[in-house]
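A.B. asks: Generate a structure from the sequence data that follows.
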Amino acid sequence: MGEQIARESVQLTRQDGQRLGSLIVDPRGTELLAVAGDLPCEFATDHPGAYGPLIAAGVLVPSSGSLRTPTISVVIPARNPPPDSFATLVGNLVASPWVDEVIVVDDASQSPIDIDIDGIVIVRNTVSLGPGAARNLGAQKSTNEVLLFIDADIVSIDEELFSLLKLLTNHQIVALAPRVIEEGHLSPLDLGPSPTMVDGKHLNHLPGAVLAIDRRHFEAVGGFGEDLRLGEDVDLINRLRHPDHLVIYAPNSVCVHHHQPLFTRLIKTATYGYSVGHLRRRTDLTLIPQLRDAPSLAWVVFAPFTTATLAALNLTNHLSKRLARSQQIKASILLLDRQFLANASLIVRQLGLPMALSSLVSGHLRRSFTAALIIEVLHQGITATLYDLAYSIGLWLSIGLEN
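C.D. replies: Presented below is the predicted three-dimensional model:
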């Protein structure tokens, strides 16, 4: 009976939300999420969409609770993996009591992968098929309930991740990914410390570097797109999304990526942007340039931060009957700050290249773009701003070449 209850509901643990009196406001936007006293202790996963905004904003977080531990197959696509860490990664996974099998797909490495560790299966490709096809091949050779895809340049896997994989036995949560950081540097794969889900607003993808998927749903959508050499993880997550399913980002588990020079990280970030632009006709996720809460991109040209002010005032006016005057003022300041940051980051990340070029001939655009850069550097740091600029370059190169 207890297992049946666990399948039908997921216990929730409450994260710190932005609380204004009795109200909880989306910390990344201007959406009223809930009245604090109305938050449930659990929710029926037959209708997870009812709590989607709360989960997406990190206010409510699914907990594995009493869910059972699934059987796990680890699939590692590898092409010329880093020799100093790969064998250690594989050895640790084979020794893990959580893992039932480890499958390495050697995607035509220059030197064939040869690891002297009992308990691994090595599949060799004579020609490189690409990351999507390599992952699919490993999945076909596997036999367990959960597929855990791990890139060969991951250094370490957090044990907490295996506990989180219990969520996938619920069958309403179909995929999840941990936070991926890099040794000593900010990683372009790092989606930040806030838990959320893929909903097209807070998050529109999960990186394939460490990605766990319920086998049943993976097979139902046909696995990774083998015709894609870039963005195959974004494409798969889009096909896994469904009103009755959740795709979760769980940063309470942290995995570590192999160290890379800054130039390599910037090139990879530009590649991510290029893949997103390439996928814009293939997916219905919000992948093309679009300012959050802005009615049109014209706001960027004429008043890039006017939308921030209007969005904050609009919500505060909407809540005027439910908030005391002092709370209205606090709400306005808070939401204005968050909207300024959100719009500044989006200007740099999605419109950085065209605005930088336009600023060469327009003083107004130059001042607007400079303001966006300053705001993002102050809030996010220089490295994150460089990543956003690189991403914008890749995005617009893709859009320009396709058109």
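
A.B. asks: Every contact and neighbour count from this point should use C-alpha atoms.
C.D. replies: OK.

A.B. asks: Please save the CA atoms from stretch 227-239 in CSV.
C.D. replies: The C-alpha coordinates for stretch 227-239 follow below in CSV (Å, rounded to 0.1, in the frame of the first residue of the first chain):
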residue,chain,number,x,y,z
ASP,A,227,20.9,13.3,-37.5
LEU,A,228,22.0,16.0,-35.1
ARG,A,229,25.6,16.6,-34.2
LEU,A,230,24.7,19.7,-32.1
GLY,A,231,21.8,20.3,-29.8
GLU,A,232,20.7,16.7,-29.6
ASP,A,233,20.1,17.0,-25.9
VAL,A,234,17.9,20.1,-26.4
ASP,A,235,15.9,18.3,-29.1
LEU,A,236,15.4,15.3,-26.9
ILE,A,237,14.2,17.3,-23.9
ASN,A,238,11.8,19.1,-26.1
ARG,A,239,10.3,15.8,-27.2
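
A.B. asks: Looking at that stretch now, give me its mean pLDDT.
C.D. replies: Stretch 227-239 shows an average pLDDT of 88 in the prediction.

A.B. asks: So which bits of it are buried?
C.D. replies: Within stretch 227-239, the residues scored as buried using 16 or more other C-alpha atoms under 10 Å are 228, 230, 231, 232, 233, 234, 235, 236, 237, 238, 239.

A.B. asks: what residues are up against the nearest residue to the fifth one once chain neighbours are set aside?
C.D. replies: Leaving out its chain neighbours, the residue that sits closest to residue 233 by C-alpha to C-alpha, 6 or more residues apart in numbering is residue 208, at 5.3 Å. Contacts for residue 208 (C-alpha atoms under 8 Å, 6 or more residues apart in numbering) come out as 149, 150, 151, 233.

A.B. asks: Pretty sure the third one sits against residue 207.
C.D. replies: Put plainly, it is residue 151. No: using C-alpha atoms under 8 Å, residue 151 is not in contact with residue 207, being 10.3 Å away.

A.B. asks: Please enumerate the shared neighbours of the two.
C.D. replies: By C-alpha under 8 Å, 6+ apart, no residue touches both residue 151 and residue 207.

A.B. asks: Name the single longest strand found in this protein.
C.D. replies: The residue-count maximum for a strand in the chain (DSSP state E) belongs to strand 246-257.

A.B. asks: any idea of the mean pLDDT in it?
C.D. replies: 92.

A.B. asks: Could you do stretch 189-198 as well?
C.D. replies: 89.

A.B. asks: What helices and strands are in contact with the helix or strand residue 398 falls within?
C.D. replies: Element membership for residue 398 (DSSP states H and E) is helix 382-402. Applying 3 or more C-alpha pairs under 8 Å, 6 or more residues apart in numbering; DSSP states H and E, one finds that helix 382-402 contacts helix 262-278, helix 325-358, helix 363-380.

A.B. asks: hey, least reliable of those helices by pLDDT?
C.D. replies: helix 325-358 (a mean of 69).

A.B. asks: What residues of the helix holding residue 398 count as buried?
C.D. replies: For helix 382-402, a neighbour-count test (16+ other C-alpha under 10 Å) marks 383-399 as buried.

A.B. asks: ok and that helix relative to helix 363-380, angle-wise?
C.D. replies: Here the directions of helix 382-402 and helix 363-380 differ by 130 degrees (axes from the mean of the first three to the mean of the last three C-alpha atoms, to 10 degrees).

A.B. asks: could you check the angle helix 262-278 makes with helix 382-402?
C.D. replies: Using the same axes, to 10 degrees: helix 382-402 against helix 262-278 is 40 degrees.

A.B. asks: contact partners of helix 382-402?
C.D. replies: Contacts of helix 382-402 with the rest of the structure, by C-alpha under 8 Å, 6+ apart, involve 186, 188, 266-267, 269-278, 345, 348-354, 373, 376-377.

A.B. asks: CA atoms only: put that helix into CSV for me.
C.D. replies: C-alpha atoms of helix 382-402 as CSV (Å, rounded to 0.1, in the frame of the first residue of the first chain):
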residue,chain,number,x,y,z
ILE,A,382,32.8,39.0,-16.2
THR,A,383,33.1,35.3,-17.1
ALA,A,384,29.3,34.8,-17.2
THR,A,385,29.0,37.9,-19.4
LEU,A,386,31.6,36.6,-21.8
TYR,A,387,29.7,33.4,-22.0
ASP,A,388,26.5,35.3,-22.9
LEU,A,389,28.3,37.2,-25.6
ALA,A,390,29.8,34.1,-27.1
TYR,A,391,26.4,32.4,-27.0
SER,A,392,24.9,35.4,-28.9
ILE,A,393,27.5,35.2,-31.6
GLY,A,394,26.8,31.5,-32.1
LEU,A,395,23.0,32.0,-32.1
TRP,A,396,23.0,34.8,-34.7
LEU,A,397,25.6,33.1,-36.9
SER,A,398,23.2,30.1,-37.1
ILE,A,399,20.2,32.3,-37.8
GLY,A,400,22.1,34.3,-40.4
LEU,A,401,23.5,31.2,-42.2
GLU,A,402,20.1,29.4,-42.2
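
A.B. asks: next one: the helix or strand hosting residue 233 to chain centre, how far?
C.D. replies: Element membership of residue 233, judged by DSSP H and E, is helix 232-240. Centre-to-centre, helix 232-240 and its host chain are 11 Å apart (C-alpha atoms, centre = their mean, to the nearest Å).

A.B. asks: now the angle between strand 246-257 and it, please.
C.D. replies: Angle of helix 232-240 versus strand 246-257, following the same axes, to 10 degrees, is 160 degrees.

A.B. asks: what packs against helix 232-240?
C.D. replies: Packed on helix 232-240, when contacts are counted by 3+ C-alpha pairs under 8 Å, 6+ apart, are helix 131-141.

A.B. asks: The following helix or strand past the helix it packs on vs helix 131-141, what angle?
C.D. replies: Scanning forward in sequence from helix 131-141 by DSSP H and E, the next helix or strand is strand 146-150. Here strand 146-150 runs at an angle of 140 degrees relative to helix 131-141 (the same axes, to 10 degrees).

A.B. asks: Pull up the pairing partners for strand 146-150, direction included.
C.D. replies: Strand pairing for strand 146-150, using DSSP bridges, gives strand 72-78 (parallel), strand 210-214 (antiparallel).

A.B. asks: Give me the nearest residue to residue 171, chain neighbours excluded.
C.D. replies: For residue 171, the spatially nearest residue (C-alpha to C-alpha, 6+ apart) is residue 214, at 7.3 Å.
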